[in-house]
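Peer 1: What follows is a predicted structure for the sequence shown.
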Amino acid sequence: MPPNSAPGPDPFDLNPQAATPLYRQIVEQVQRLVAGGVLPPGAELPSVRAVAERHAINPMTVSKAYSLLESEGVLERRRGLGMTVAAGQGLSAESTDRLALLAPALDALAQQARQLGISAAAVLAALEQKLDQEDSQ
């Protein structure tokens, strides 16, 4: 992938029905995409307007997420380019603990499994199967 491109026109998978606010979903997804190297330093993010239109959400929601990511140093605003991934971000053990970014999803999964009475072994097997499916796509 060229260094100044985002994965497709919009890398976000937003769920308006989720308990997590939309701006937080954007923040967490950008953090994961950057930490995983999908969005390398210098990669441009889609414009606020483009994300808002694609997901039928308020542009201020997207703007809030981008501003939070900018204040964290994950993104930087470049005149004429919009928001880009800041230099020094990306795939490295020093910059981020990638597993820590999974903590909220793992907490929710563990809670749901307990509520449903599903054993840890069954959850792990289902997770492994899902990861294998994702790898084969």
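Peer 2: That came in fine, so what should we check first? Just so it is clear, the structure is predicted and the values come from calculations on it, not from any experiment.

Peer 1: From P11, how far out is L39?
Peer 2: Plainly put, L39 is 7 Å away from P11 if you go by CB to CB, to the nearest Å. In this view, the C-beta of every residue, glycine as well, is placed from N, C-alpha and C.

Peer 1: Spit out the residues that contact those two alike.
Peer 2: L33, L45 (CB atoms under 8 Å, 6 or more residues apart in numbering).

Peer 1: ok but V51 is inside a strand, no?
Peer 2: No - according to DSSP: H, G, I helix; E, B strand; the rest coil, V51 belongs to no strand; its state is helix.

Peer 1: Walk me through the domains of the chain.
Peer 2: 1-95, 97-137 (automatic domain parsing).

Peer 1: could you point out where this protein is predicted with low confidence?
Peer 2: 1-9, 89-96 (pLDDT under 70).

Peer 1: mind listing the strands for it?
Peer 2: 75-78, 82-85 (DSSP state E).
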